[in-house]
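S.K.: generate a structure from the sequence data that follows.
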Amino acid sequence: DAAERDHLRWAGKQGKATIVGTASYKHTLHRVMTMSPVALLRRVNAIEKACGKFAVVKMRLFARVLCLEGHDDVAADAT
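M.R.: Modelled structure (predicted):
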């Protein structure tokens with residue numbers, strides 16, 4: 001279908017990104033520990049709306065920290 005063709009068109013085309021700036025594990029853990037569940041959902045939505053290769057890295061890290069801290073319901077939205 002069209003979505004799969006679009007995915008295959010761009011698969012592997014994005015440059016690799018490393019965790020830099022505010023996407024550090026320590027910073028992300030601090031955010032998860034200090035934010036309410038509603039604020040965490042808003043944060044996931046904000047990262048989803050961001051464009052660029054660092055947004056992908058940031059979302060992966062955010063989802064990983066959410067899982068580790070027991071926010072599996074929010075983490076499911078982040079994947």
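S.K.: hmm, who's touching the helix or strand encompassing Thr28?
M.R.: Secondary structure assigned from DSSP states H and E places Thr28 in helix 25-34. For helix 25-34, contacts defined as Cβ atoms under 8 Å, 6 or more residues apart in numbering pick out 19, 40, 43, 58, 61-62, 65-66, 69, 71. C-beta here means a position set from N, CA and C on the backbone, and glycine is covered the same way.
S.K.: state the distance from the residue minimising distance to the centre of the chain to Asp72.
M.R.: Centroid-nearest residue in the chain: Met59, 0.9 Å away (criterion: Cα atoms, centre = their mean). As for Met59, its distance to Asp72 is 16 Å (criterion: Cβ to Cβ, to the nearest Å).
S.K.: residue ranges of the helices in the chain, please?
M.R.: With DSSP state H applied, the chain shows helices at 2-10, 25-34, 37-49, 53-68, 72-78, listed in chain order.
S.K.: ok, Ala55 - how many residues close by?
M.R.: 16 (other Cβ atoms under 10 Å).
S.K.: so it makes contact with Ile47?
M.R.: Yes - counting by Cβ atoms under 8 Å, Ala55 does reach Ile47; the two are 5.8 Å apart.
S.K.: on that earlier part again, what would the helices of the chain look like in a markdown table with mean pLDDT?
M.R.: Formatted as a markdown table, these follow (pLDDT from 0 to 100):
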| stretch | mean pLDDT |
| --- | --- |
| helix 2-10 | 74 |
| helix 25-34 | 90 |
| helix 37-49 | 92 |
| helix 53-68 | 87 |
| helix 72-78 | 87 |
